[in-house]
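Student: please find the sequence and the predicted model below.
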Amino acid sequence: MLSKSEIKAYHQNGYVVPKGFRFEKNELAKLQTGLSAVLSKNPTIMPDRLMNPHLNKGKPYLVEGDPVFHWLVHDPRILRIAESVMEPNLILLFTHLFCKPAASTRSVPRHQDGPFWPVEPMKSCTI
């Protein structure tokens, strides 16, 4: 859960870096293994298009996922952080692995995704 000052910072600045949250080394290792598996199982999908790896063959790109990402999005610590700024009764819209190879020349300008999401009220957070 975020502190009152972190929640205030989120609402003022649009982001916050939680001071009290860290993954354990074994959790990071599981996430790295899962990421490597998703990358190797989806060679025809651009690595910055790995949508919904918490599902298996989920839309829109039918990414072959990994169970570690299902664990991640249901981790009570992550949910408490999101609930701190969004309130309870969250809905997971999608997951996205941002994997941009070092030699990539593809650029994505600053933008806001909110207008493209069918969410009312338009209130979202990215973790």
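Tutor: Nice, thanks for sending it over.
Student: measure residue 87 to residue 79 for me?
Tutor: Taking CB to CB, to the nearest Å as the measure, residue 87 and residue 79 are separated by 12 Å. Just so you know, the C-beta spots here come from the backbone N, C-alpha and C atoms, and that holds for glycine as well.
Student: pick out whichever of these two has more residues nearby.
Tutor: Per other CB atoms under 10 Å, whichever of residue 87 and residue 79 has more neighbours is residue 79, with 17 against 9.
Student: now the host helix or strand of residue 69: buried residues?
Tutor: Using DSSP states H and E, residue 69 sits in helix 67-73. Neighbour-count burial for helix 67-73, with 16 or more other CB atoms under 10 Å as criterion, is recorded at 68, 69, 70, 72, 73.
Student: ok, which stretches of the chain are helices?
Tutor: 4-13, 25-41, 67-73, 76-86 (DSSP state H).
Student: highest mean neighbour count out of those?
Tutor: helix 67-73 (a mean of 17; mean count of other CB atoms under 10 Å).
Student: which secondary structure elements does it contact?
Tutor: Where contact means 3 or more CB pairs under 8 Å, 6 or more residues apart in numbering; DSSP states H and E, helix 67-73 is packed against helix 25-41.
Student: roughly how far out does the helix it packs on sit from the chain middle?
Tutor: 14 Å (CA atoms, centre = their mean, to the nearest Å).
Student: now do that helix, average pLDDT.
Tutor: Averaged over helix 25-41, pLDDT sits at 97.
Student: who does the helix or strand of the chain with the lowest mean pLDDT pair up with?
Tutor: Across the helices and strands of the chain, the lowest-confidence element by mean pLDDT, DSSP states H and E is strand 96-97, at a mean of 90. According to DSSP bridges, strand 96-97 forms sheet pairs with strand 50-51 (antiparallel).
Student: what lies in contact with the strand it pairs with?
Tutor: 38-39, 42, 58-61, 63, 94-97, 99 (CB atoms under 8 Å, 6 or more residues apart in numbering).
Student: wait, doesn't residue 6 sit right on residue 16?
Tutor: Yes: in this structure, residue 6 is within contact of residue 16 by CB atoms under 8 Å, at 4.9 Å.
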